[in-house]
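> What follows is a predicted structure for the sequence shown.
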Amino acid sequence: MNVLSTPHGDLVLPAFLPDGTRAAVRTLDAGDVAGCGIGALMVNVLHLSSKPGTSLVAEMGGIHRFMGWEGPIASDSGGFQAFSLATGAKKLGSVSEQGFTYRFDRRQDKKILTPEKCIQKQFQLGSDILFCLDHCTHPEAGADVQRQSVEHTVAWARRCKQEFGRRLELRGEAPGRPRLFAVVQGGEDVALRTECAERLLDIGFDGYGFGGWPIDGQGHLVEMVACVSELVGGAFPKHALGIGKPENLAHAYSFGYHMFDCVLPTRDARHKRLFSFRPGARVSTDGSADFYDCVYMQDRKHARDADPVDPDCDCLCCRKYSRAYLHHLFQIGENCAYRLATIHNLRFYARLLDRLRAGSGG
Ligand SMILES: [Zn+2]
């Protein structure tokens with residue numbers, strides 16, 4: 001699986017999709033993101049429904065024109081966020097056969113996210129890669145909850161596919177066809193994961209995602225990540241939702257995943273934590289973090305450091321500026337520091353994917 005064709009061009013795989021949850025990769029504009037060698041973005045349908053509203057985005061010509069991004073855009077179903085609202089301390093939602101009922105705070109009226117609405121909203125955005133609504137669970141939830149999650153996930157995926165077909169008909173002759181991905185749930189139970197994958201494969205989707213908690217208490221990938229990839233097989237693109245650390249991403253790639261999205265590189269950049277490849281090191285695909293270092297820009301040792309963050313990096317930050325200057329910008333709280341750091345971390349991820357794609361690891 002080397003490429004996924006979409007209405008906005010071919011996405012070269014494997015690909016890292018930065019999270020532009022609210023139609024913005026924080027601190028950057030679309031031109032900055034493209035300049036990092038990033039091929040596609042991930043937006044979130046639930047957040048965009050709240051602000052500015054998916055119908056407003058449609059009025060503005062769709063998500064690509066709205067945010068100035070010309071390449072493929074994937075949209076999350078919002079299921080994970082609705083689940084978080086429902087199970088969070090404030091209990092701002094609930095789940096039923098119909099879908100999710102939720103609100104962002106108690107002053108708001110309750111809204112319902114059904115599988116049909118989830119697809120309609122993603123069509124309003126004009127996404128290239130759509131995700132079916134799924135019912136996420138906590139790994140420690142009981143067997144009855146895991147069973148119910150699989151029943152909901154499969155039934156909702158079927159309804160999503162039907163709605164997807166209806167929307168395609170209404171859309172008529174437009175160039176390219178968006179892709180519909182389903183998400184495999186089932187917690188830590190191999191039999192449930194197997195059943196969920198088989199039932200989704202029977203319905204038939206363009207790609208499949210790993211759903212649920214991918215990381216264990218020690219920060220490593222759970223066994224289910226490899227298991228789901230094997231269940232889905234090699235004929236489809238596979239998305240490892242929310243897998244973010246470089247070593248976990250490389251590890252998941254070795255299990256056959258092609259697409260990744262996570263807030264980690266952009267959030268870490270804003271927390272002054274940057275990534276740098278160790279000179280000459282090959283990328284490990286066994287989960288070890290021995291091929292890169294974290295550079296903590298607030299450390300005083302960088303105050304007089306004339307070197308760039310990573311001497312081998314070709315990003316704007318490393319080409320033009322020293323660690324000393326970036327340290328200074330962070331010290332004075334200059335907004336530009338957040339932009340430069342985010343550009344660097346996204347470029348690091350794009351280079352990581354280049355290395356995995358080249359197969360050399362180094
Ligand atoms: Zn750089």
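That came through, no problem. Residues are numbered from 1 along each chain as shown.

> Under a three-state scheme, what state does the spatially most central residue of the chain occupy?
The chain has D261 as the residue nearest its centroid, 2.4 Å off, counting by C-alpha atoms, centre = their mean. Under DSSP: H, G, I helix; E, B strand; the rest coil, the three-state class of D261 is strand.

> I'd say it and D19 touch.
Yes: counting by C-beta atoms under 8 Å, D261 touches D19, with 5.6 Å between them. The C-beta positions use only the backbone N, C-alpha and C, and glycine is treated the same way.

> The closest residue to the ion within the stretch 1-150 of the chain - how many residues pack around it?
For the stretch 1-150 of the chain and the ion, the shortest gap (C-beta to the ion) falls at C36, measuring 9.1 Å. Close neighbours of C36, defined as other C-beta atoms under 10 Å, add up to 23.

> on that earlier part again, distance of the residue nearest to the centre of the chain from L17?
Plainly put, D261 is 4 Å away from L17 if you go by C-beta to C-beta, to the nearest Å.

> how many other residues sit next to the residue of the stretch 101-250 of the chain found nearest the ion?
The ion sits closest to P246 of the stretch 101-250 of the chain, with a gap of 14.2 Å, by C-beta to the ion. Neighbour count of P246, defined by other C-beta under 10 Å: 21.

> Same check on S276?
Counted with other C-beta under 10 Å, S276 comes out at 18.

> Surely it and C317 touch.
No: if you go by C-beta under 8 Å, S276 and C317 don't touch, sitting 11.4 Å apart.

> Mind listing the shared neighbours of those two?
When contacts are counted by C-beta atoms under 8 Å, 6 or more residues apart in numbering, S276 and C317 are jointly contacted by V309.

> now the helices: where do they sit in the chain?
Counting by DSSP state H, the segments of the chain that form helices are 30-35, 45-50, 54-59, 63-67, 79-87, 115-125, 143-171, 190-203, 223-232, 246-254, 264-270, 316-320, 323-331, 335-358.

> Could you dump those into TSV and include mean pLDDT?
TSV is the format used below for those (pLDDT from 0 to 100):
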stretch	mean pLDDT
helix 30-35	98
helix 45-50	93
helix 54-59	98
helix 63-67	98
helix 79-87	87
helix 115-125	98
helix 143-171	96
helix 190-203	98
helix 223-232	97
helix 246-254	97
helix 264-270	97
helix 316-320	98
helix 323-331	98
helix 335-358	97
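
> looking at the protein, which residue lies furthest from center?
R304 (36.5 Å).

> Distance check, that one against the ion.
Between R304 and the ion the distance is 20 Å, computed by C-beta to the ion, to the nearest Å.

> That residue: what's it in contact with?
With C-beta under 8 Å, 6+ apart, R304 has these contacts: A324.

> and it, backbone torsions?
Dihedral angles of R304 (phi, psi; degrees, to the nearest 10) stand at phi -120, psi 30.

> Same check on the one 5 residues further on?
Backbone geometry at V309, expressed as degrees, to the nearest 10, gives phi -60, psi -50.

> How about R278?
Note on R278: backbone dihedrals following degrees, to the nearest 10 are phi -70, psi 130.

> could you list every residue that touches it?
By C-beta under 8 Å, 6+ apart, the residues touching R278 are D290, F291, Y292, D293.

> Now, of the residues you listed, which are buried?
Buried by 16 or more other C-beta atoms under 10 Å: F291, Y292, out of the contacts of R278.

> Which of the contacts of R278 fall within strands?
Among the contacts of R278, the members falling in strands (DSSP state E) are Y292, D293.

> mind giving me TSV with the contacts of R278 and columns for pLDDT?
TSV is the format used below for the contacts of R278 (pLDDT from 0 to 100):
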residue	pLDDT
D290	97
F291	97
Y292	98
D293	98
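
> For the contacts of R278, please prepare TSV with the additional fields distance to Q108.
Listed next are the contacts of R278 as TSV, based on distance: C-beta to C-beta, whole Å:
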residue	distance to Q108
D290	47
F291	45
Y292	42
D293	44
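
> For L41, state which of the contacts of R278 is nearest.
Nearest to L41 out of the contacts of R278 is Y292 (C-beta to C-beta; 23.4 Å).

> thinking that closest one is in contact with P246, fair?
Yes: Y292 lies in contact with P246 (C-beta under 8 Å); the separation is 5.7 Å.

> Quickly list what's touching both of those two.
F275, F348.

> do you know how far R270 is from the ion?
Using C-beta to the ion, we find R270 at a distance of 16 Å from the ion.

> can you pull the contacts of that residue?
R26, T27, Y338, A341, T342.

> what does the model give the residue of the stretch 1-150 of the chain closest to the ion for pLDDT?
If you check C36, the pLDDT there is 98.
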